[in-house]
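S.K.: A predicted structure for the sequence below; I have some questions about it.
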Amino acid sequence: SQQGEEDPQALSIQEGENATMNCSYKTSINNLQWYRQNSGRGLVHLILIRSNEREKHSGRLRVTLDTSKKSSSLLITASRAADTASYFCAAIQGAQKLVFGQGTRLTINP
Amino acid sequence: GAVVSQHPSWVICKSGTSVKIECRSLDFQATTMFWYRQFPKQSLMLMATSNEGSKATYEQGVEKDKFLINHASLTLSTLTVTSAHPEDSSFYICSAFTSGTGPDTQYFGPGTRLTVL
């Protein structure tokens, strides 16, 4: 079963705007990760946030984690056309299995 | 960074034939690799965990006799889709992690698009 549920399922914004995607999960986690997938391609690891962290930044990415609400958000600031992709949250289930959320399809309009 | 490759990147086959997909870790040794399947506009679903030198561990609902996994070396795992049918058409992705980073950081291959006619 999938660990996370993401919303929105699809998001379309104008270039330069900020994009926010949310992820909720069901079980306890040690960390939560976000990946990007361009259409028909493999996954690119974006950022990992540990359960004892509340916020983490990487370039234009900002990730938050609220373990009490079992939720995380990914914010992409000053979006670019190249940010158009699907974004997935994922968490380790058991010893090493990575379980993915349903994903958000992000479209940046020029 | 760690690189994982897959071959072929796409394949079209006739119904009833078998197709082999290779997953290689190019610059690190991977005792464990993972195989995922992704249908259009859906998320990745873990199919099986491939362990070097031992049998693969399949997720519930995945037929082990249909999806044969062989992890023959520390850098190569293969997935063979036997007697493929149109419903097996999907995007197959493998991943692996290094002993240095552990399972928290998995490196994904570029995927293989399988189309069964």
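M.R.: Yep, that arrived.
S.K.: count of neighbours near the closest residue to chain B within chain A?
M.R.: Distances between chain A and chain B by Cβ to the nearest Cβ are smallest at residue A:96, namely 3.5 Å. C-beta coordinates here come from the backbone N, C-alpha and C atoms, glycine included. Residue A:96 has 14 neighbouring residues, counting by other Cβ atoms under 10 Å in any protein chain shown.
S.K.: That one: what's its closest spatial neighbour, skipping adjacent residues?
M.R.: residue B:103 (3.5 Å; Cβ to Cβ, 6 or more residues apart in numbering or on different chains).
S.K.: The one you found contacts residue A:95, doesn't it?
M.R.: Yes. With contact defined as Cβ atoms under 8 Å, residue B:103 and residue A:95 form a contacting pair (7.1 Å).
S.K.: The two: who's more crowded?
M.R.: residue B:103 (17 against 8).
S.K.: Secondary structure element holding the more buried one?
M.R.: Assessed by DSSP states H and E, residue B:103 sits outside every helix and strand.
S.K.: Looking at it now. What's its pLDDT?
M.R.: In this model, residue B:103 is scored at 71, pLDDT.
S.K.: where exactly do the strands run in the chain?
M.R.: With no chain named, the answer covers chain A. A:4-7, A:10-14, A:19-25, A:31-37, A:43-50, A:55-58, A:61-66, A:71-76, A:85-93, A:97-100, A:104-109 (DSSP state E).
S.K.: could you do chain B instead?
M.R.: For chain B, the strands defined by DSSP E cover B:4-7, B:10-13, B:19-25, B:32-38, B:44-51, B:57-58, B:67-73, B:76-81, B:90-96, B:107-108, B:112-116.
S.K.: so, in contact with chain A or not, the third one?
M.R.: No. Strand B:19-25 does not reach chain A (Cβ under 8 Å from any Cβ of the partner chain); its nearest approach is 10.9 Å.
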